Structures are given as structure tokens and as C-alpha cells.
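Chemist: Please work out how this folds:
(2 chains)
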There are 2 protein chains.
Amino acid sequence: IARRTWIHIEDWVYLTILGIVCAGMAVLLEYIISRLNQVHLLAYGEVDKIETGWRIPATYGVWVGYVVLLIMGSAACTKFIAPLASGSGFPEMKCVLRGTILKEYLTIRTMLGKFLGLTLSMSSGIPNGREGPLVHIFAAFAMQLSRLAAFTGIYSNESRCSEMLAAGAAVGVAATFSAPVGGVLLSIELTSVLFAVRNYWRCFYAATWAALVMLIVLPAINDPYLDIQPQYQTHFPTGKAFAAQELPLFALLGLFIGIISVLFIKFHRHLVLFLRRNWVCKKVFQANFFVYPLLVSAVVGSITYPELLGQFMAGKKKFLTTLIDFFAVCTWTDVDFGPICNSTITDNYNGLHHNVSIFVSLPVFIVVHFFLSIFCHTMPIPSGIIISSLGIGAATGRLMGEILAVINGGYVWSGSGIAQAIYPGVYAVAGSAAMVGSVTHTISTAVIMFEMTGQLVHLLPVLITVIVANTVCSFFEISIIDSIIKLRSLPYLPDLSSGSSVFHLITVGQFMVTPVHFIHKQST
Amino acid sequence: IARRTWIHIEDWVYLTILGIVCAGMAVLLEYIISRLNQVHLLAYGEVDKIETGWRIPATYGVWVGYVVLLIMGSAACTKFIAPLASGSGFPEMKCVLRGTILKEYLTIRTMLGKFLGLTLSMSSGIPNGREGPLVHIFAAFAMQLSRLAAFTGIYSNESRCSEMLAAGAAVGVAATFSAPVGGVLLSIELTSVLFAVRNYWRCFYAATWAALVMLIVLPAINDPYLDIQPQYQTHFPTGKAFAAQELPLFALLGLFIGIISVLFIKFHRHLVLFLRRNWVCKKVFQANFFVYPLLVSAVVGSITYPELLGQFMAGKKKFLTTLIDFFAVCTWTDVDFGPICNSTITDNYNGLHHNVSIFVSLPVFIVVHFFLSIFCHTMPIPSGIIISSLGIGAATGRLMGEILAVINGGYVWSGSGIAQAIYPGVYAVAGSAAMVGSVTHTISTAVIMFEMTGQLVHLLPVLITVIVANTVCSFFEISIIDSIIKLRSLPYLPDLSSGSSVFHLITVGQFMVTPVHFIHKQST
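Modeler: Alright, predicted model coming up:
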């Protein structure tokens, strides 16, 4: 009888442990990142007090040295602990959840190595995401958890085990964005072709436990950025965040974002192929594992160095915290109408002497991050591409919103003839959702955006931008996940044609000879 | 070449038309309901001015007569125009989308008959939902649209046609709740076993068009309840809507709601079986089509009559608008701490002379609506059960929240030792999501709730309540959709076991003889 009772509650116990432990890991990660980041800024601040000519080289050395050090540590993790820990995790999980067995991909060693490597790479402050690595780590944890004696029922059954891995992946996305609903949906979109709806609430159950733990533990850590609120809580006014006349402009933003996404995916592929084929690269990078990360991290560190290009793009801030600036309800430029941001935000983007226009610095931010994100993702360290593209999309949206605000004096005419403020922050939210959505060919990034910002007032602009960007990108390119799967030649059951209906029209006559000469006697 | 271009854009054109036309229908429905409801109140107000002893019978007659008239009209639609229009639509659509061909279920005649019948039944003000009927109507429209010459490519391919029907169903739910995201998710949960993720964004695309049209057209109609905001916009303070200590209470609410849902499904089934088997019912109701709706509508009209039980439950209001009262940020009772509602809300629930405690009237509301919803759903008219259960859940949540507020003087102690107000409205939102979720065994009602209220601050309480209620209900009962499918003996491919993992453990040895005597020579 005890055995039968256990069978009934086994799944629930398993999913509860999964949710709680994974959230604990996510909180730990967040905590270490935040502390190591403080160390970086403290050290920089100390050296910055030097008043001789040595100030510049010393600050530069500290700034870049710290970045290089952490990245080398991260690379060492993948080199010596877990070779499979490098990269995102979505492409591999997509293969695993479709039935491919990737040996050693979900071991304890890989899990720990990736966690350590991810902590170091994230702490360095380079444009890097953690959602893919977390999905990988949590799926590995789900796998290992199922091997415990108590859960042999799960481990021994292939389809059940796969459902639990999917739950682990869902918790991974949910914990990254503190978004239980959007996390589940995004992980379904990224890893499934046919989703078993009966598995839906297992994912929700685990993700809710994760969200619960993060809610209770995070405020206790007492970090200014971590609160009971969503991390990127916006404050757009209900019912007035956008006018119906602006909706075509959001579609236009979607078009731009879609084009950027196509370029993003193409450039990433060509860079990877170049590094693999070019004989110089072959000779230098492939022979010496650490040279490429050393080079890239030195370049990234130099670019974000607060007295060079970093002065235009909040170099001192953690990459992700810039999102709060982009989503701000105020406008960065001086317009006739609507709220204007104070200097605590704009000073991060107008240079050391606060005399550079944001219409210069924002394009610089976009272009620099476009290339940095891609280069960072080619390093052999645990890294994700979703959050990096989030930043690019947010900057693009903010730029477009600011241009519109300046052109039009800060307002649009709403239907009733009353002037209404343009909120460039709404464009930033829509742009970031659309960028992630189109790079990965998913829609549920819109839901994640709602959970991240804690608001739904921008529902329609976000959905429109995401759909247009997705349409544009999927017309020209496969998703970055599929692109990486192809680049890595992962064993992979090909997709059903995802967008086009053309394949519905293919008939057997188009690829067989007519007239038919032979027919098998068992054909009906 | 024109042909090949058309193939590429065919789906998009189709989905755009689908979204726009369906939203137009939803807006038209909303407009007629609102106008017919005004006529009802106007007529009642005129008769109410009589100052003789005839006032009571006259007002009663006008109130009940109007309800009976509209319900009889609605019943006439199903009797004479479209017999298949009766009931919800989800059970049948579930069968259709799983491949069953239900002849005549998606014809123009059924579509128009159901639309007319739904308009009349909704306008009568009985506790009745429109999401199921709208799903049916829009799927029928999707089917008819695909039969146009331009879209033969869609009509002629079974799997493609089925994807388009799913999009129609998604638009139906999305248009009911003005919730494009939750609508798509709920329609997936309600109608799919294995969902093709590639169809995901077709649904979103169509639902976004629908939301767009409703956004632009609804304010133009200038109804006080229709605005660019979500229809049930709440205003809970960000980050303070609930304390972590309240979360177990939400789980308790989930438990209550789960039990109510089980009773709801059981009572509905037994009522239907009773009406079918009892010889009196057989003789009276089955022989005379109009007697049952006449009887039920007269009873419902009498109960909502504003001078009888209606005085405790906002009898004069449209059923759905009471949700705004339940979700209000203030408390209905006089507590020491936190905002208190003014009499414009509480006067609807404390009787004609404003001297009845809401702790009497709310339980009355819950019990009465429990039975009314079920009786209304057994009438042969287009009717839905989701929105009715929404009201029951909201009232239960509000009741529990008010009790807690009174017990505790209106506040909880938050972690930091600062007193924080209890918001019974949050309990109402969680209760309504949980009731709909557990009656239908779905999770995405939580997402719909976020879109309906335009807020995400109550994300965690809502998710917890929904999951607990779901767990309780699915342990004891199948969903109401599956229950109706069984009651109607619809042709139906049975579900994979939805909750339990026990079936994973069944081995061939348990139902075959051992030792094995024969094995087929082709077995590998």
C-alpha cells in the first residue's frame, strides 16, 4: 500500500524538490554575481583615486584584467571540468527532448562545471545570458534527481523521464526571468515540436515552486535590485501608454528588429564558420584553447572600459541593469510634452563630460552590443544569447521611441483629440521582446516581457512588434537555436516546416515517376 | 508565379480576415447585449414609478417577463434554426479538433442561429457565458471561410483545415476575455492533447488582429464599461498586494475552490441524468421543448428580481459587471486598516434597506449562482459555463478575503515587521481563476486573469490557488468538458491519462498470460 501511495505522490514530491532546489541555485548564482560585480567596481574605484598619470593605465588594467581573469576561469571550467558545458544549452536540450541521447550531457560533473563557469562568466559583466545555461544545469539536475532510489519509477521510464527533463528546462527559463508562466511557454516553444498538453501543469507546478522560493529568499538577501516586485517593474500609466495611431509604428519597429535579427543570426553563423575554416584561426585558436577567450575578453573589457566607449553605454553597470534605464517611463531627451528623465539615467549614456547626444551613443550601443554579443557567444564558456539580444532590442526600441518623441514634440494625438505623451519606454519593451522572439522564432517572449515588467498595459504593441519581427525573420532565416544545431551537427530530428504551408501542397507525384510501374503487394 | 506568391501569403490573408471579422462579431454581440440590457432596466424603472399596490406585481412581471421572453427567443433559435447551437461548444470542438467529423456542426446555419441565440440569452442577464458559444461560432466561420474559392488550399487539406479551426477557437476565447495570450493558451489546453507548436503563432496572429479591432472599435461605441483598458482593470499596489505569509491562505482558498468545483461537476452531471431519466421530466420536458426553458428562466428571473433575493446580489447589474465589485481594491467591511469601499459597491449586496451583512449575502450569492449556473447550462440554448463559474469563484474568494480582513483587523504582518493591508480583491481574482481552472482542468486561466485585470502583481497567489484547486478537482473528477462529452456520447478519442503516472508502470505482464506460449514470427 505504501508503494501505491508513493506512486501517486512521487511526481509531486519530485517536482517540488526540483523547483525548490533549482530556485536555490538561481538565487545563489544571482548573489555571487552581484557580489563579484561589487568587487569589480570597488577595485576600480580605489585605483581611480590615483591622481598621477598612472591613473588611466591602472584603471584600464584593473578593469580589463578583472574581466579577463573571470573569463579565463570560466574557460578553464569548460576545459578541465566539463567540456560539454560550453555554449547555451537550448540546442542540445532541443535534441535531448526530441529523443536523442546525448551521452554525458546531463551528468553531475557537467552540471557543476557549467554552474561554476556560468557564475564566473556572468560576473565578468560581458553581454552574456544565463537562460540557456540554466536550462541545461536544471535539466541535468532533473536527470540526476530521477536517478535517486526513491524515483526509480521516473528514471526507468523513458517518456516519463523526458517529461521531467522538460519540467527542468521550464524551471530554468522561469528562474532566469522570474517569469513562471512565460518561462514554461518559452521552454515549450524552444524545445518541442508536438507538446503533450498533459505535461503542461507539471511544468507550471515546478515553476511556481521556483518562483515562490525566489520571492521569499531574494528580498532576504537585501540586494537593491532584488525585490518582491518584478526585477524590471515599469510604471506606464494604465490606458494611456500608447495611442492607437502608434500601432503602425510598432509594426515598423518589428520590421527593423526582424532585419537586425536576420543579420544577427547570419553574422553568428559566418563568424563560427570563419573561425573554424580560416587557417590562421585554425592554427592559433584551435591549437591553444585559451587564446581566443583571452583575446575576446580583453577586447570586450577594453570596449566597456568606462573612459572609452563604455562612457556611452553604462559601462560601469551590469549589462542587465541597463534594461531598467531603457524601460523607464520618461523620455531621455528634452521634449515639450511628457515626463523627462533626470540625469541619473541619462548620465550613463552621454559620455564622461555629459555632452554627447544619445542619438550618437544609442546607435553606438546597438552596434557594439550586436558584435560583442555574437563574439561572446563564440567563446568556449557557458553563455546564452537570449539576454544579450534582449539588450539590443531594448536599445533599438528606445532609440526609435526617442526619435519619434523628438520629431513630434513628445506627444501623439489620441482619438479623442487630446494630446498624449509618447513613451519611448514602451518601444524599448516591445523591441526587446521582439528581438528575443525573432532571434529564437518564438512568441511567448511577449509573456515573459509582461512578467519581467509586471505590467500588461503594453500588451498590444508588444504582440504586434513580436509578430511582425517574427514574420520577417522566419522568412529569411532559421532560428538561432536551429542554426547552432546545424553548426554543431547535433543529432536532430528535423522540424516540420514551421512557417510555410507550401509543404501541404507537395504530392507524391512530384517526386516519384509516373506512370507507376510497380506497387508493393502490401500497399492498400 | 501569382499562384506561388498566393500560396505563401494565403495563410496570412486568411488569418487576418478571421481575426478581424470575428472581433467584429464579438463587438456587435457586446453592443447588442449592452443595449438590450439598458432596455430591460429602463422598462423596469418606468414601472417602478407606480405608487399603487400594483407596483410589486408590475415590476415583477416586467422583470421576469423580459428574461423569459429573451430566453424563449433563444430557445426558438436552437429549435427552429440550429439544433446543434445548444450548449457550450468546447466539448464538440474538442472532438472536432481531434479528428472526429461532426456533420453539420460547422455550417453557416448553425453559426447564425447560435449567434442570434447567444445574443438573446446573454442579453437576458442570466448567469451565462459566451466563450464556448463564441468558440463554436468562430470555428464555424473559420470553416466557412476556408470554403471560399481563394482558400481551397486550406479547405482541401485536412490537417491544415484543422489548424485553422484551432485558430478560430483561439480567437473565440481571446475575444471573450479581450485576452489574446491567455485565450490562445486556454483554447489549446481545452481542445488539444498533443499541440503542434508550429501552429502556435497562427493562433497568436489571428488573436492579435482580434484584440486590435476590439481596441479600436470598442471605445468608439462609447459604452462606460468598454475602454482601451482591460475590462476588469484592478489597481492593487505594486509589490504590496499580498504578503508572503498569506500564500498558505491562498492554497487553502484553492482547496475550497477545488471542492466546490467537484460538487459543481457532479451536480451538473446528476441533474442532466435526472432530467433524462426521471419519468416526469421525460413526459413534460422532452415532449414539450419550450417548457423547461420557460420554467428555468421564470425561476432565474424571480431569483434575480431586485426586490427579492436580487437585492443581495446586484440583481440589477449584468452578471459580468459584478466582477468589477468583487475585484475592487478596497474591503467591503469596516476594518481598522486599509482602504474601505464606499456604498456604490456595497449597496448592491446589502439589501434594499442596506442592513444585511455581506457575510449573509455573499454565501447566498455563491449558493444561488452555483445552482443557477448549472440549471441555466442545462437549458437548450447557447450557453457557456466558464464565465458563470468565474463569478462563483470571485464571490468565494471575496468572502474568504473579507473574513480574513475582519478577523485580523484588515492587515497582515509582512516580513519586515510593517503592517500591510489585506486585499480581499486579490482573493477574488485568485478564486475566480482557480474556479474556472479547476472546473475545466486548465492552468492558463491564470494568464487570462492577468489580461482581464491588466495586472500581474497577484501572479504568485493566483498560480498557487489555481494549481491547488486543479490538483484537488482532478483527483476526484474529470473536467466539465469531458463530463459533457460523456453525457452527450460524443465520438471521442480518449485522453492519455492526464494526471497520474500510474499508467507508466503497467507492463504487458499484467494483462497477458505467463509463461508466454506463442510469439508471432514477425515480432522482433
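
Chemist: can you give me the helices for the stretch 51-200 of chain A?
Modeler: For the stretch 51-200 of chain A, the helices defined by DSSP state H, counting those that start in this stretch occupy A:55-76, A:90-97, A:108-123, A:131-146, A:152-155, A:158-177, A:180-191, A:200-221.

Chemist: Of those, which shows the lowest average pLDDT?
Modeler: Here the lowest mean pLDDT among those goes to helix A:152-155, at a mean of 69.

Chemist: can you list the helices of the stretch 51-200 of chain A in CSV and add mean neighbour count and distance to A:Met400?
Modeler: Glycine gets a C-beta too; all of them are placed from N, C-alpha and C. Putting the helices of the stretch 51-200 of chain A into CSV (neighbours: other Cβ atoms under 10 Å in any protein chain shown; distance: least, Cβ to Cβ, whole Å) gives the following:
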stretch, mean neighbour count, distance to A:Met400
helix A:55-76, 19, 31
helix A:90-97, 24, 28
helix A:108-123, 23, 29
helix A:131-146, 27, 25
helix A:152-155, 18, 48
helix A:158-177, 26, 24
helix A:180-191, 28, 24
helix A:200-221, 22, 32
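
Chemist: do you know which of those lies nearest B:His8?
Modeler: helix A:180-191 (22.8 Å; Cβ to Cβ).

Chemist: For chain B, tell me whether that closest one is touching it.
Modeler: Yes: using Cβ under 8 Å from any Cβ of the partner chain, helix A:180-191 reaches chain B at A:Pro180, A:Val181, A:Leu185, A:Ile188, A:Glu189.

Chemist: Redo those as JSON lines? Include distance to B:Ala428.
Modeler: As requested, the residues of helix A:180-191 next to chain B are exported to JSON lines (distance: Cβ to Cβ, whole Å):
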{"residue": "A:Pro180", "distance to B:Ala428": "21"}
{"residue": "A:Val181", "distance to B:Ala428": "20"}
{"residue": "A:Leu185", "distance to B:Ala428": "26"}
{"residue": "A:Ile188", "distance to B:Ala428": "30"}
{"residue": "A:Glu189", "distance to B:Ala428": "32"}
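
Chemist: Closest one of those to A:His40?
Modeler: Closest approach between the residues of helix A:180-191 next to chain B and A:His40, by Cβ to Cβ: A:Pro180, at 31.3 Å.

Chemist: Please enumerate the helices of the stretch 401-524 of chain A.
Modeler: Going by DSSP H, counting those that start in this stretch, the stretch 401-524 of chain A shows helices at A:424-440, A:445-453, A:459-476, A:480-487.

Chemist: Give the stretch among those with the greatest mean number of neighbours.
Modeler: Highest mean neighbour count of the helices of the stretch 401-524 of chain A: helix A:424-440, a mean of 32 (counted as mean count of other Cβ atoms under 10 Å in any protein chain shown).

Chemist: Only the C-alpha atoms, please, for that one, written as CSV.
Modeler: What follows is helix A:424-440, C-alpha atoms only, in CSV (Å, rounded to 0.1, in the frame of the first residue of the first chain):
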residue,chain,number,x,y,z
PRO,A,424,9.8,55.6,-25.6
GLY,A,425,10.0,53.0,-22.8
VAL,A,426,7.1,51.1,-24.4
TYR,A,427,9.1,50.9,-27.6
ALA,A,428,12.0,49.6,-25.6
VAL,A,429,9.9,46.9,-24.0
ALA,A,430,8.3,45.9,-27.4
GLY,A,431,11.7,46.0,-29.1
SER,A,432,13.4,43.7,-26.6
ALA,A,433,10.5,41.2,-26.7
ALA,A,434,10.6,41.3,-30.5
MET,A,435,14.4,40.8,-30.7
VAL,A,436,14.4,37.7,-28.5
GLY,A,437,11.3,36.5,-30.2
SER,A,438,12.6,36.8,-33.7
VAL,A,439,16.1,35.5,-33.0
THR,A,440,14.6,32.4,-31.5
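
Chemist: how big is the angle separating it from helix A:90-97?
Modeler: Taking axes from the mean of the first three to the mean of the last three Cα atoms, to 10 degrees, one finds helix A:424-440 and helix A:90-97 inclined to each other by 50 degrees.

Chemist: rewinding a little: list just the nearest of the residues of helix A:180-191 next to chain B to B:Val299.
Modeler: Set against B:Val299, the nearest of the residues of helix A:180-191 next to chain B by Cβ to Cβ is A:Val181 (40.3 Å).

Chemist: Tell me who's in contact with the closest one.
Modeler: Under the criterion of Cβ atoms under 8 Å, 6 or more residues apart in numbering or on different chains, the contact list for A:Val181 reads A:Phe204, A:Ala207, A:Val447, A:Glu451, B:Ala446, B:Val447, B:Phe450, B:Leu459, B:Leu463.

Chemist: is it true that the fifth one touches B:Gly437?
Modeler: Yes: between B:Ala446 and B:Gly437 a contact is recorded at 6.9 Å, counting by Cβ atoms under 8 Å.

Chemist: For these two, list the residues in contact with both.
Modeler: By the contact definition Cβ under 8 Å, 6+ apart, B:Ala446 and B:Gly437 are jointly contacted by B:Val466.

Chemist: nearest residue to A:Gln245 other than its sequence neighbours?
Modeler: Leaving aside its sequence neighbours, A:Gln245 sits nearest to A:Val412 (Cβ to Cβ, 6 or more residues apart in numbering or on different chains; 5.6 Å).

Chemist: One more: A:Gly89?
Modeler: Among residues not flanking A:Gly89 along the chain, A:His136 sits closest, at 2.9 Å (Cβ to Cβ, 6+ apart).

Chemist: mind checking how far the one you found is from B:Leu70?
Modeler: As judged by Cβ to Cβ, to the nearest Å, A:His136 and B:Leu70 stand 59 Å apart.

Chemist: do A:Cys203 as well
Modeler: Separation of A:Cys203 from B:Leu70 (Cβ to Cβ) stands at 43 Å.

Chemist: what's the angle between the longest helix along chain A and helix A:180-191?
Modeler: Using DSSP state H to assign secondary structure, the helix with the most residues in chain A is helix A:2-48. For helix A:2-48 against helix A:180-191, the angle by the same axes, to 10 degrees is 100 degrees.

Chemist: do you know how far A:Val197 is from B:Ile188?
Modeler: 7 Å.

Chemist: Now for those two: what residues contact both?
Modeler: B:Phe195.
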